[in-house]
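Asker: With the input below, show me the fold.
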Amino acid sequence: MKKRDRRRFWWRLIILAILVAVGLTAYFLFLEKEGEERKTEEKKIEERKVEERKAQEKEAAEKRASVDKPASTEKERAPQVAAKKPLKGIPIIPEGVKEGRPSEKEDDCSKIENTVQDFFTYLNKERYVRNLEADMDSYERFKGVMMKLSSEPPVPAGENMDTLIMTRNIYHFYRLLENEDLRLIREILRNEADSLELNLDIFYKWLMLGDQCPDPQKTRPSLEVLYQYAGFFLNTIGGRAYLYRRPLNVRLLISYYSLLIVHEADKKGKNSYGIDVFPEITPLAREISLYPDFHFQNDYILQLTQLQNYYLKKR
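Answerer: Predicted structure coming up:
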């Protein structure tokens, strides 16, 4: 009986030793495999870093080459665009007012103000606007939207330090504007796509009038407010998310004018959040050059080239 118990004991000990040996073998094989995988992953990461470094060096070389070229070649560098088809919709003309108005007797402020009001007079007659609200006065609604947006501009920086800023930026327009306001904006963008470039040009000029022209109803936002919205679109997750949900031409044009606004604030020493627009210039110019339907493509690229040279000289 004792011999049988002793044999069982030794068999159990042998089986336990075998299991331990198998376990150790599996463990060391796992460590070896994991080490190989880690080495492979590290190698891939290193290769990516090398590729990124080469790309950065190439981009830096291109920037140096562009700044070395004389300013007189800027127009030559801007890609030439074939003639475009005539624009549809209301003829919003930056240089003056519509035919028939005695523009020689009006100052520049009146011209721009009247052209803006002409646009909303045109909108009031459009069926898609009347379908939203039969007796809508689009100019009065526009003034209301401007005042709402000016009352609480977004914070154009600091999202990575305060998640509350990011959340408020993401829902910014939904917090400030009514559903009817948002619907009208969407309908205008959809139905006035053919004249979008002209309309944005005149509205940019109107917004940038500043203190040069009277604004008795305080409708026009200050440069500080415009700067915060421009930085919002260029420099925040919330602002970029808004733009990437819009059509490509809308995103490119809003980004373009946002760059101009931040640049203007920077020149006047009002870039209070220290927004660096330089990294945005080249990618935007490249996208605009590839978009086939812009009527003023050359003008945009020339302006962006001048901005790039301005910031290159300051670096």
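
Asker: Only C-alpha atoms from now on, for both contacts and neighbour counts.
Answerer: Fine.

Asker: Go through the strand or helix carrying Leu253 and flag the buried ones.
Answerer: Assessed by DSSP states H and E, Leu253 sits inside helix 248-267. Buried positions in helix 248-267, judged by neighbour count with 16 or more other CA atoms under 10 Å: 249-266.

Asker: same question, stretch 175-183
Answerer: Leu176, Asp181.

Asker: so how far does that stretch reach from one end to the other?
Answerer: End-to-end distance for stretch 175-183: 14 Å, by CA to CA, to the nearest Å.

Asker: With stretch 231-242 instead?
Answerer: The first-to-last residue distance of stretch 231-242 comes to 13 Å (CA to CA).

Asker: now stretch 186-200
Answerer: 15 Å.

Asker: that older thread, could you dump the helix holding Leu253 to CSV, C-alpha only?
Answerer: Only the C-alpha atoms of helix 248-267 are listed here, as CSV (Å, rounded to 0.1, in the frame of the first residue of the first chain):
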residue,chain,number,x,y,z
LEU,A,248,-15.5,72.0,-51.2
ASN,A,249,-15.8,75.5,-52.8
VAL,A,250,-17.4,76.8,-49.6
ARG,A,251,-14.6,75.3,-47.4
LEU,A,252,-11.8,76.7,-49.6
LEU,A,253,-13.3,80.2,-49.9
ILE,A,254,-14.1,80.5,-46.1
SER,A,255,-10.5,79.3,-45.4
TYR,A,256,-9.1,81.8,-47.8
TYR,A,257,-10.9,84.8,-46.4
SER,A,258,-10.2,83.6,-42.8
LEU,A,259,-6.5,83.7,-43.7
LEU,A,260,-6.8,87.3,-45.0
ILE,A,261,-8.6,88.3,-41.8
VAL,A,262,-6.0,86.8,-39.4
HIS,A,263,-3.3,88.4,-41.6
GLU,A,264,-4.9,91.8,-41.3
ALA,A,265,-5.2,91.4,-37.5
ASP,A,266,-1.6,90.3,-37.4
LYS,A,267,-0.4,93.4,-39.3
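
Asker: That one packs against which elements?
Answerer: Using 3 or more CA pairs under 8 Å, 6 or more residues apart in numbering; DSSP states H and E, the elements in contact with helix 248-267 are helix 223-235, helix 237-244, helix 278-290.

Asker: Give me the residues contacting the second one.
Answerer: Spelled out, it's helix 237-244. Under the criterion CA atoms under 8 Å, 6 or more residues apart in numbering, residues 159, 166-167, 169-172, 232-234, 250-251, 254 lie in contact with helix 237-244.

Asker: Can you name the next helix or strand after the lowest-mean-pLDDT helix or strand in the chain?
Answerer: None of the helices or strands of the chain scores lower by mean pLDDT, DSSP states H and E than helix 74-77, at a mean of 43. The element immediately downstream of helix 74-77 (helix or strand, assigned by DSSP H and E) is helix 108-124.

Asker: so what does that following helix touch, helix or strand wise?
Answerer: Using 3+ CA pairs under 8 Å, 6+ apart: helix 108-124 touches helix 138-151, helix 196-207.

Asker: In a markdown table: those, plus distance to Ile18 and mean pLDDT.
Answerer: What follows is these, written out as a markdown table (distance: least, CA to CA, whole Å; pLDDT from 0 to 100):
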| stretch | distance to Ile18 | mean pLDDT |
| --- | --- | --- |
| helix 138-151 | 75 | 95 |
| helix 196-207 | 79 | 96 |
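
Asker: Just put the ones you listed in JSON lines and tack on mean neighbour count.
Answerer: JSON lines is the format used below for the helices and strands packed on helix 108-124 (neighbours: other CA atoms under 10 Å):
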{"stretch": "helix 138-151", "mean neighbour count": "16"}
{"stretch": "helix 196-207", "mean neighbour count": "17"}
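
Asker: Need those in a markdown table (columns: distance to Gln217).
Answerer: Formatted as a markdown table, these follow (distance: least, CA to CA, whole Å):
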| stretch | distance to Gln217 |
| --- | --- |
| helix 138-151 | 9 |
| helix 196-207 | 14 |
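
Asker: Among those helices, which comes closest to Lys111?
Answerer: Of all these, helix 196-207 sits nearest to Lys111, with 10.0 Å by CA to CA.

Asker: so which of the helices and strands packed on helix 248-267 comes closest to Leu312?
Answerer: helix 278-290 (8.3 Å).

Asker: Packing partners of the following helix or strand past the closest one?
Answerer: Later in the chain than helix 278-290, the nearest helix or strand by DSSP H and E is helix 297-314. Applying 3+ CA pairs under 8 Å, 6+ apart, one finds that helix 297-314 makes contact with helix 2-68, helix 74-77, helix 278-290.

Asker: what mean pLDDT does stretch 219-230 have?
Answerer: Across stretch 219-230, pLDDT averages out at 96.
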